[in-house]
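Visitor: sequence? don't have it. structure:
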């Protein structure tokens, strides 16, 4: 009876969708239908956000989206004999249809995401597979690598079955014998230093003769030397938690055709958008929508893919396809595509098991995203997932969603410029009245926002996707056009790591954002002029001006993004609460490590007085570790002193000099993934559409003022200093 009832409900919903899409109704009827759908969606959400009711709500929302698409297709395109209106009108129409198509692909992917997996094996379990850990590196500093290697070596796994490899592409024979003497000298120094580092941390060092096929070639070189059953891959700045292998290797015993277990990328520092907007502690991170929902949706269709790090792969599968693929500059997704096409399976474990570092500057952020966009375009061009033999239909749709998404810079530019075409040039890209445009578009946008909230409410706040797409589109558009015209041109570029911002400044990439902002301000002025000079077209001017105003809010918020705040810390601290001894000379004070990061810690020392310690003092801490460490005293330098519970609270920076010091840091910060898991869920709050919109408007207004303030400081400086950073300590 339950199945019959569900079938009846789906039948009624399908009939309602067909009627709503094609019924020739007037504006009042359309508004009533839209309001009814919105009301039903709200009502259903109050009762449940999962199961069949959620699917029915999304289906009803889809009916309004399709109704809008039907109206746009049949009633709004300019006449073809007016090319000045028809061409931009068709471009806007194509951009909208692309957005709707991507919405439907997203619905397919995440309609019923896989429930979080929780298989865990103990390190003393019988018949555990041998694991080779690959840490590929090119130009990262030894200190950064030391933390990652120490964390990888400390993973809870039998020592005789775990081998950690430092795969160095910065010390190859090709680079050490370079005709450029400085390059050769630096490569030789790196070669010697990293060999010693690996030996001190009981890891294996490996380089190769030539730098060919970038990261994929480096890891394939490691495959040729190592012998483990499984390959765990960590980026140079992705340190694993001690329980990483406990949560990942067990799945390979369950499925002999499993080639991949991927875990999310969790970051200890904010990306430039989060840092400059100060949202890292309170708002879900930008990548959480992908790792929290989309990867689980892909996992439902056996299409979750390799993300380059924080993953375990089966050697047998890699051997079958010739190792890691290197045709594109995104070798991770390409490798997964090839293995899925040959019948291998994948699993996604939605638990943060590594902690890494994101690009600190806006320039590095754009460089990283340009590589992702160009790599996905190469996969689309050279592998073409829709027609890839061996993939199931759901897998084809999933890979289409992942690759076609990166066309968003094209649509974002169209939506940015479209209202200006009318305001400045009087081009009529819609053949509709202002009332019709407002009625259909408002219901479409509201339902779209509700559907997004249904799907990603805890993982993405309203309008944040639009902001991220806009700040990327300005520079991704030329990168995208470049790879479309010449798919073989892009080369792999390592994302800059461990960057710091000593002073507040405007990003060197900021100029286009200010130009666009003032162009949109001019559009706002033109809106007022059109209402004054053409009162008979007020309805159209108000609607198009409203569209331009929305673009202006996003562009104003972006001014805050490119106004780089000063950042003294490279990563945020996580709560630790570990007892320790504070060693000052020959005196010992009982203390508690309250929180810690890869760079320092906050220590509450009992019985300590202001006479005992001062800023800049060198001392040490000693604490119980999860693995035996020969020298268990970690040197620190005091940076801040404040009142604490029964003593003083010290802000300290680590001063590591030997391998055991990095082992101690690793044991403190990466001992358990529980801390990261709790932090992620602490900011996964569904703010709602109304509250989220109000919050975003307030954020945009404030960041507009901050961005213009940075610009004012630049203008006031003398011409000879205009390229210098903005003066200031806190960056507004």
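Guide: Yes, it's here. Everything quoted here is computed from the prediction, not taken from an experiment.

Visitor: Just the buried residues of stretch 337-346, please?
Guide: 337, 338, 339, 340, 341, 344, 345, 346 (16 or more other Cβ atoms under 10 Å). The C-beta positions use only the backbone N, C-alpha and C, and glycine is treated the same way.

Visitor: Now for residue 109: which residues touch it?
Guide: 294, 297, 298, 300, 301, 397, 398, 401 (Cβ atoms under 8 Å, 6 or more residues apart in numbering).

Visitor: And for residue 458?
Guide: 284, 292, 684, 685, 686.

Visitor: Which of the residues you listed are buried? Put it as a PyMOL command.
Guide: Buried subset of these, written as a PyMOL selection, criterion 16+ other Cβ under 10 Å:
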select buried, resi 284+292+686
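
Visitor: quick one: which of the contacts of residue 458 is nearest residue 76?
Guide: residue 686 (34.0 Å; Cβ to Cβ).

Visitor: What number of residues are in the vicinity of the closest residue to the closest one other than its chain neighbours?
Guide: Among residues not flanking residue 686 along the chain, residue 457 sits closest, at 3.8 Å (Cβ to Cβ, 6 or more residues apart in numbering). By other Cβ atoms under 10 Å, 22 other residues sit near residue 457.

Visitor: One more: residue 659?
Guide: Neighbour count of residue 659, defined by other Cβ under 10 Å: 23.

Visitor: Quick check, it in contact with residue 146.
Guide: Yes - if you go by Cβ atoms under 8 Å, residue 659 and residue 146 touch, sitting 7.1 Å apart.

Visitor: one step back: looking at the buried residues of stretch 337-346, which one is closest to residue 511?
Guide: residue 337 (37.6 Å).

Visitor: Return the residues in contact with the residue nearest to that closest one when sequence neighbours are not counted.
Guide: Using Cβ to Cβ, 6+ apart and skipping residues adjacent in sequence, the residue nearest residue 337 is residue 383, 5.7 Å away. By Cβ under 8 Å, 6+ apart, the contact list for residue 383 reads 327, 328, 334, 337, 338.

Visitor: For the third one, which residues are in contact?
Guide: In this structure, residue 334 makes contact with 325, 326, 327, 328, 375, 378, 379, 383, judged by Cβ under 8 Å, 6+ apart.

Visitor: my hunch is that it is in a helix, does that hold up?
Guide: Yes - read with DSSP: H, G, I helix; E, B strand; the rest coil, residue 334 is one of the residues of a helix.

Visitor: Show the model's pLDDT score for the residue nearest to the spatial centre of the chain.
Guide: Residue closest to the mean C-alpha point of the chain, counted by Cα atoms, centre = their mean, is residue 287 at 2.9 Å. For residue 287, the pLDDT comes out at 92.

Visitor: ok, it touching residue 273?
Guide: No - using Cβ under 8 Å, residue 287 is not in contact with residue 273; the gap is 11.2 Å.

Visitor: So which residues of the stretch 401-550 of the chain form strands?
Guide: 505-506 (DSSP state E, counting those that start in this stretch).

Visitor: what element comes up after the lowest-mean-pLDDT helix or strand in the chain heading to the C-terminus?
Guide: The weakest-scoring helix or strand in the chain, judged by mean pLDDT, DSSP states H and E, is helix 2-22 (a mean of 69). Downstream of helix 2-22, the first helix or strand assigned by DSSP states H and E is helix 27-47.

Visitor: Touching stretch 395-408 from outside, list them.
Guide: 98, 101-102, 105-106, 108-109, 297-298, 301-303, 305, 333, 337, 340, 372-373, 376-377, 379-380, 385-388, 391, 469, 472-473, 476, 480.

Visitor: Where helices are concerned, which of the residues you listed count?
Guide: 98, 101-102, 105-106, 108-109, 297-298, 333, 337, 340, 372-373, 376-377, 379-380, 469, 472-473, 476, 480 (DSSP state H).

Visitor: quick one, helices of the stretch 151-300 of the chain?
Guide: Here the stretch 151-300 of the chain has its helices, by DSSP state H, counting those that start in this stretch, at 173-176, 181-200, 214-225, 250-254, 272-277, 288-289, 295-300.

Visitor: Columns mean neighbour count and distance to residue 673 on top of these, output as JSON lines?
Guide: Listed next are those as JSON lines, based on neighbours: other Cβ atoms under 10 Å; distance: least, Cβ to Cβ, whole Å:
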{"stretch": "helix 173-176", "mean neighbour count": "18", "distance to residue 673": "36"}
{"stretch": "helix 181-200", "mean neighbour count": "16", "distance to residue 673": "25"}
{"stretch": "helix 214-225", "mean neighbour count": "20", "distance to residue 673": "24"}
{"stretch": "helix 250-254", "mean neighbour count": "17", "distance to residue 673": "15"}
{"stretch": "helix 272-277", "mean neighbour count": "23", "distance to residue 673": "21"}
{"stretch": "helix 288-289", "mean neighbour count": "22", "distance to residue 673": "16"}
{"stretch": "helix 295-300", "mean neighbour count": "24", "distance to residue 673": "17"}
